[in-house]
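coordinates only, no sequence provided:
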């Protein structure tokens, strides 16, 4: 899980697109990213189509509201 992400970051670092500060930021943010992937994978099996759609729409509404208010 996440092998493509590792490969993508490696290619970007080798080609010079990402510098040291970008790699450090990726290292800092990686645990949250992978934790979210694991949580999403485990929770996905508990939702049926209707509940998943409702949850997704509620989450998008919450994110949009926060963006509009900030």
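Noted; the coordinates are in hand. It should be emphasised that the depicted structure is a prediction, and the values quoted were computed from it without experimental measurement.

quick one: buried residues of the helix ranked longest in the chain?
When the chain is parsed with DSSP state H, its longest helix is helix 20-44. For helix 20-44, the neighbour count (16 or more other C-beta atoms under 10 Å) marks no residue as buried. Where C-beta positions appear, they are placed from N, C-alpha and C, glycine not excepted.

and the next element down the chain from that helix?
The helix or strand immediately downstream of helix 20-44 is helix 49-69, counting by DSSP states H and E.

quick one: residue 34 and residue 60, what's the gap?
Taking C-beta to C-beta, to the nearest Å as the measure, residue 34 falls 22 Å from residue 60.

next one: residue 28
26 Å.

likewise for residue 20?
35 Å.

what's the answer for residue 23, then?
Residue 23 is 31 Å from residue 60, where distance means C-beta to C-beta.

what's the answer for residue 48, then?
Going from residue 48 to residue 60 by C-beta to C-beta gives 19 Å.

just want the most central residue of the chain.
residue 33 (4.8 Å; C-alpha atoms, centre = their mean).

comparing residue 48 and residue 60, which residue is more hemmed in?
Legend: neighbour count by other C-beta atoms under 10 Å for residue 48 and residue 60, higher for residue 60 (10 against 7).

confidence-wise, which helix or strand of the protein is lowest on average?
Among the helical and strand segments of the chain, the one scoring lowest on mean pLDDT, DSSP states H and E is helix 3-14, with a mean of 84.

distance between that helix and the chain's centre?
15 Å (C-alpha atoms, centre = their mean, to the nearest Å).
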